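S.K.: What follows is a protein structure lacking sequence information:
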């Protein structure tokens, strides 16, 4: 190896290392952004009364995949039982109702629906 190729060898290795670190950091930040987004979405779901699903998103965001598998199993079991899923969605119902209470056209629609009775 000649003396003139040593600086180019060093520059090549340094460039490869720099590109490798840059790509690794980019991939890491992409994953972290996805996790931060999942946490933000979990907060929105929790605020609207979907605590069950919010817990699942939180587990995904922190990488608790075994807990996530148990949560999915729990949700599937609840969906199969009308009483359990209705009790879980009760919070959502009241929050949505509170959201619509200031909209007269929605209040009228809700009243019409209640006057018609169940199943109509």
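M.R.: Cool, the structure landed. Treat the numbers as computed from the prediction; the structure is a model and nothing was measured. Residues are numbered from 1 along each chain as shown.
S.K.: Would you mind identifying the next helix or strand past the strand or helix carrying residue 95?
M.R.: Residue 95 belongs to helix 82-100 when assigned by DSSP states H and E. Using DSSP H and E, the helix or strand that follows helix 82-100 in sequence is helix 104-116.
S.K.: buried sites along that next one?
M.R.: By 16 or more other Cβ atoms under 10 Å, helix 104-116 has no buried positions at all. Every residue, glycine included, has its C-beta placed from N, CA and C.
S.K.: One more: stretch 22-33?
M.R.: For stretch 22-33, using 16+ other Cβ under 10 Å, no residue counts as buried.
S.K.: so who does the residue nearest in space to the middle of the chain touch?
M.R.: The centre of the chain sits closest to residue 38, judged by Cα atoms, centre = their mean, with a distance of 3.4 Å. By Cβ atoms under 8 Å, 6 or more residues apart in numbering, the residues touching residue 38 are 57-58, 60-61.
S.K.: which ones among those are found in helices?
M.R.: 57-58, 60-61 (DSSP state H).
S.K.: Regarding this protein, what is its longest helix?
M.R.: In the chain, assigned by DSSP H, the helix with the most residues is helix 5-47.
S.K.: follow-up on the earlier one: show me the two of the ones in helices among the contacts of residue 38 that sit farthest apart.
M.R.: Spatial extent of those (Cβ to Cβ) is set by the pair 58 and 60 at 7.3 Å.
S.K.: Determine the number of other residues adjacent to the nearest residue to the residue nearest to the centre of the chain once chain neighbours are set aside.
M.R.: In space, and not counting its chain neighbours, residue 38 is closest to residue 61: 4.0 Å by Cβ to Cβ, 6 or more residues apart in numbering. Using other Cβ atoms under 10 Å, residue 61 has 19 other residues around it.
S.K.: Give me the pLDDT for residue 2.
M.R.: The score at residue 2 is 59. That number is its pLDDT.
S.K.: Would you mind measuring from residue 58 to residue 98?
M.R.: Distance, residue 58 to residue 98, using Cβ to Cβ, to the nearest Å: 24 Å.
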